[in-house]
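**Student:** Sharing a model prediction with you, sequence too.
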Amino acid sequence: MRLHMNAADVRGLVARHFLHLGADEADVADVQENIRIDRGRCVARCYRVADMFAMWLIDVGVLQFYDADGEMLHTVNLFTELLPHRAAA
């Protein structure tokens with residue numbers, strides 16, 4: 001079974017994790033989002049605040065957080081993170 005992940009749900013999760021990782025609330029409120037398209041398919045979404053960025057690898061359901069130097073700070077498995085919310089709805 002393939003779980004469809006809603007971009008708005010993921011964006012909210014990204015904002016919460018940025019705050020948890022120490023990003024400023026004003027920066028998180030103005031997060032920049034870019035979409036990566038490969039052969040006509042959306043394959044990733046990138047989110048950037050002042051000193052951090054996150055990448056959602058859509059096909060594998062992973063959200064990775066990095067600092068300004070490209071060091072990975074945190075990884076979230078969206079299949080396990082968002083599945084309980086979908087089941088409860």
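**Tutor:** Arrived safely, thanks for sending.
**Student:** From here on, just use CA atoms for contacts and neighbour counts.
**Tutor:** OK.
**Student:** which strands and helices sit next to the longest helix seen in the chain?
**Tutor:** Longest among the helix segments of the chain by residue count, using DSSP state H, is helix 7-20. Counting contacts by 3 or more CA pairs under 8 Å, 6 or more residues apart in numbering; DSSP states H and E, helix 7-20 is packed against helix 25-29.
**Student:** about what we covered before: so which bits of the longest helix of the chain are buried?
**Tutor:** Val10, Arg11, Leu13, Val14, Ala15, His17, Phe18 (16 or more other CA atoms under 10 Å).
**Student:** repeat for stretch 22-41
**Tutor:** So for stretch 22-41, counting by 16+ other CA under 10 Å, buried means Ala23, Asp27, Val28, Val31.
**Student:** So the last one is in contact with Tyr47, correct?
**Tutor:** Yes. Val31 is in contact with Tyr47 according to CA atoms under 8 Å; the separation is 6.4 Å.
**Student:** which secondary element of the protein has the worst mean pLDDT?
**Tutor:** helix 78-88 (a mean of 62; mean pLDDT, DSSP states H and E).
**Student:** Help me confirm that Phe65 comes into contact with Leu73.
**Tutor:** Yes. Phe65 sits in contact with Leu73 when judged by CA under 8 Å, with a separation of 5.4 Å.
**Student:** give me the number of residues near Leu78?
**Tutor:** Leu78 is flanked by 19 other residues according to other CA atoms under 10 Å.
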